[in-house]
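Visitor: 3D model of this:
(one chain, ligands or ions: 1)
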Amino acid sequence: MIKIENISYGYKPKQPIFSDISLKVGSGIYGLLGENGVGKTTLIHLICGLLFPWKGECSIDNSNSARRSPELLNRYFFLPEEMQMPTESIYQFAARHSVFYPRFSRKDFEQNLEELHIDGKQKLSAVSYGQQKKAMLAYALALHTPLTLLDEPTNGLDITSRQALKRIISRTVDDESTLFISTHQAHDFENLLDHLIILSEGEILLNRSLDEISERLLFVRTAYLPEDSLYSEQDLHGYFSILPNEEGEENTPDIELLYKAVLQVPEKIKMIWNE
Ligand SMILES: Nc1ncnc2c1ncn2[C@@H]1O[C@H](COP(=O)(O)OP(=O)(O)OP(=O)(O)O)[C@@H](O)[C@H]1O
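Guide: Numbering: from 1, shown residues only. Modelled structure (predicted):
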């Protein structure tokens, strides 16, 4: 669905943030992780055609996103981290904008708002940042666009809202759609992501499905430091480690531990896939 082919981009001449990176994104829930300032938002803007690459091309459903053709624009929705809010009510905003999205469901929108404890009659400009964010998330996930991109969706959300958001996402994303989430709150999306992309200094350090990760890597807690550990962290109870999954044991990857491992020992993690 999303294809990024050999793109290079930077905000200042001769200072690229990305040099010749490529990426393919299919259906499912994708998590884009990376340190502050690494280029997550920039990458999303390039995908959506809000920025134009110096070189290479980003396409959505084989259509160059930089052209922003009307047929393509109603197939995806991008929710930025911050937005300028209009003075109209949440319901009025949705009624005015949803006409561009043929699969919008008013029923789902109302259910999403209710689950996030948001009153749709309130003016968007008169509610708190967290409430604005929840209203926009309720709207974004009721549009049912084949592709939805969310930039830092859990910033400003309290714990119960984060849990409600997870429930809404798991009910909304079907086999044919793609949800692309940029975040540095890896724990917020635990057990939800199908695919993980880790970005560091203009490079994609990891781009794997959670199934591939659990097939090749074993996440274990032990009293002693395991000899074959690829990466370990010590806590009060012992060690939390990532080991090669030699026997193909079933296990659930810990995204935060993997994220730290990929940033600190990228070569060891890459070697697991013989890269
Ligand atoms: N409009 C701009 N003009 C110039 N430089 C910019 C602009 N927007 C971003 N940058 C720079 O580009 C780099 C990547 O920024 P970007 O916002 O894409 O990072 P990010 O990974 O989304 O960060 P965060 O996690 O803090 O949101 C940063 O060094 C940032 O300072």
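Visitor: mind listing the strands for the stretch 151-275 of the chain?
Guide: Using DSSP state E, counting those that start in this stretch, the strands of the stretch 151-275 of the chain run over residues 178-183, 195-200, 203-209, 217-222, 231-235, 238-244.
Visitor: so can I have a markdown table of those strands showing mean neighbour count and distance to Ile269?
Guide: For the C-beta atoms, the positions are set from N, CA and C on the backbone; glycine is no exception. Shown next, in a markdown table, are these (neighbours: other Cβ atoms under 10 Å; distance: least, Cβ to Cβ, whole Å):
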| stretch | mean neighbour count | distance to Ile269 |
| --- | --- | --- |
| strand 178-183 | 23 | 20 |
| strand 195-200 | 22 | 9 |
| strand 203-209 | 18 | 7 |
| strand 217-222 | 17 | 8 |
| strand 231-235 | 14 | 8 |
| strand 238-244 | 18 | 8 |
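Visitor: I'd like those strands written out as TSV, with distance to the ligand and mean pLDDT added.
Guide: Below are these laid out as TSV (distance: least, Cβ to the nearest ligand atom, whole Å; pLDDT from 0 to 100):
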stretch	distance to the ligand	mean pLDDT
strand 178-183	7	96
strand 195-200	7	96
strand 203-209	13	94
strand 217-222	25	96
strand 231-235	23	95
strand 238-244	24	97
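Visitor: Need the ones you listed in CSV (columns: distance to Gln111).
Guide: Formatted as CSV, the strands of the stretch 151-275 of the chain follow (distance: least, Cβ to Cβ, whole Å):
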stretch, distance to Gln111
strand 178-183, 18
strand 195-200, 27
strand 203-209, 29
strand 217-222, 35
strand 231-235, 40
strand 238-244, 38
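Visitor: List the residues that contact the closest residue to the ligand within the stretch 101-250 of the chain.
Guide: Using Cβ to the nearest ligand atom, the single residue of the stretch 101-250 of the chain nearest to the ligand is His184, 5.6 Å away. Contact partners of His184, counting by Cβ atoms under 8 Å, 6 or more residues apart in numbering, are 33-36, 152.
Visitor: Type out the PyMOL command that picks the buried ones from those.
Guide: Filtering these down to the buried ones (16 or more other Cβ atoms under 10 Å) takes a single PyMOL command:
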select buried, resi 33+34+152
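Visitor: Any idea how many residues pack against Leu258?
Guide: Using other Cβ atoms under 10 Å, Leu258 has 24 neighbouring residues.
Visitor: Please apply the same query to Glu212.
Guide: 16.
Visitor: Grab the nearest non-local neighbour of the residue nearest in space to the middle of the chain.
Guide: Residue closest to the mean C-alpha point of the chain, counted by Cα atoms, centre = their mean, is Ile181 at 1.5 Å. Excluding its sequence neighbours, the residue lying closest to Ile181 (Cβ to Cβ, 6 or more residues apart in numbering) is Leu150, at 4.9 Å.
Visitor: What backbone torsions are found at the residue of the stretch 101-250 of the chain closest to the ligand?
Guide: phi -120, psi 10 (degrees, to the nearest 10).
Visitor: ok, now how distant is Ser22 from Phe109?
Guide: 36 Å (Cβ to Cβ, to the nearest Å).
Visitor: With neighbour numbers in mind, choose between these two.
Guide: Phe109 (23 against 12).
Visitor: what's the helix or strand hosting that one packed up against?
Guide: Phe109 is part of helix 106-115, with elements assigned from DSSP states H and E. Helices and strands touching helix 106-115, as assessed by 3 or more Cβ pairs under 8 Å, 6 or more residues apart in numbering; DSSP states H and E, comprise helix 90-97, helix 129-140, helix 159-172.
Visitor: Save those as a markdown table, and put in distance to Arg68, mean neighbour count and mean pLDDT too.
Guide: As requested, those are exported to a markdown table (distance: least, Cβ to Cβ, whole Å; neighbours: other Cβ atoms under 10 Å; pLDDT from 0 to 100):
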| stretch | distance to Arg68 | mean neighbour count | mean pLDDT |
| --- | --- | --- | --- |
| helix 90-97 | 16 | 17 | 97 |
| helix 129-140 | 18 | 22 | 97 |
| helix 159-172 | 25 | 16 | 96 |
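Visitor: is it possible to export those to CSV including distance to Lys270?
Guide: Shown next, in CSV, are the helices and strands packed on helix 106-115 (distance: least, Cβ to Cβ, whole Å):
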stretch, distance to Lys270
helix 90-97, 43
helix 129-140, 34
helix 159-172, 30
